[in-house]
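Student: Below are the sequence and a predicted model for it; my questions follow.
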Amino acid sequence: MSALTEFALFPTDKGVSVSEYVSRVIEMIRNSGVSYQLTAMGTIIETESVEGALEIIAKSYQILEPFCERVYLTATMDIRKNKTDAIKSKVESIKTRIGAINV
């Protein structure tokens, strides 16, 4: 199973730049061993279960909670049985199709 999750989580009460806080979350994700991709607007993680993804999101909140009075969170999931490595294969599928169009 692949639970591909894109989420953004950040404090809303720490000024214009919140990279100090977001970097703490990314460090936890990196150390967790799950596949992830940091983007300008959020982070994509791939876990083997919905529960695994929700656990990462909960841990992310726990990192910010002691420092923040208000936290913003948005998340979307693509849950697919009998699939792994979707974080890479979905992008590769599009790249292949774009290449075929250009031929």
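Tutor: Received it, and whenever you're ready, just let me know what you need. All figures in this text were calculated on a predicted structure; none of them were measured in a lab.
Student: where's the strand or helix carrying residue 90 relative to the chain centroid, distance-wise?
Tutor: In this assignment (DSSP states H and E), residue 90 forms part of helix 86-102. Relative to the centre of its chain, helix 86-102 is centred 20 Å away, using C-alpha atoms, centre = their mean, to the nearest Å.
Student: helix or strand right after the strand or helix carrying residue 31?
Tutor: Here residue 31 sits within helix 19-32, counting by DSSP H and E. Where DSSP H and E defines the elements, the next helix or strand beyond helix 19-32 is strand 35-38.
Student: Check which helices and strands that following strand sits against.
Tutor: helix 19-32, strand 43-47, helix 86-102 (3 or more C-beta pairs under 8 Å, 6 or more residues apart in numbering; DSSP states H and E). For every residue, glycine as well, the C-beta is placed using N, CA and C.
Student: Now do that strand, average pLDDT.
Tutor: Mean pLDDT, computed over strand 35-38, is 98.
Student: Around residue 36, how many other residues sit close by?
Tutor: 17 (other C-beta atoms under 10 Å).
Student: Who is it paired with across the strands?
Tutor: Residue 36 has these beta-bridge partners by DSSP bridges: residue 45.
Student: show me what contacts it?
Tutor: 26, 29-30, 43-46, 87 (C-beta atoms under 8 Å, 6 or more residues apart in numbering).
Student: go with 10 Å
Tutor: 5, 26, 29-30, 43-47, 56, 87 (C-beta atoms under 10 Å, 6 or more residues apart in numbering).
Student: Tell me the pLDDT of the residue nearest to residue 37 when sequence neighbours are not counted.
Tutor: Spatial nearest neighbour of residue 37, chain neighbours left out: residue 44 (4.5 Å); criterion: C-beta to C-beta, 6 or more residues apart in numbering. At residue 44, the pLDDT value in this model is 98.
Student: list the contacts for residue 44?
Tutor: 4-7, 35-38, 76, 78, 86-87, 90.
Student: again, only this time at 8 Å
Tutor: 4-6, 36-37, 87.
Student: ok, so what distance separates residue 60 from residue 42?
Tutor: 11 Å (C-beta to C-beta, to the nearest Å).
Student: More neighbours: these two, which one.
Tutor: Shown here are residue 60 and residue 42; by other C-beta under 10 Å, residue 60 has more neighbours (23 against 18).
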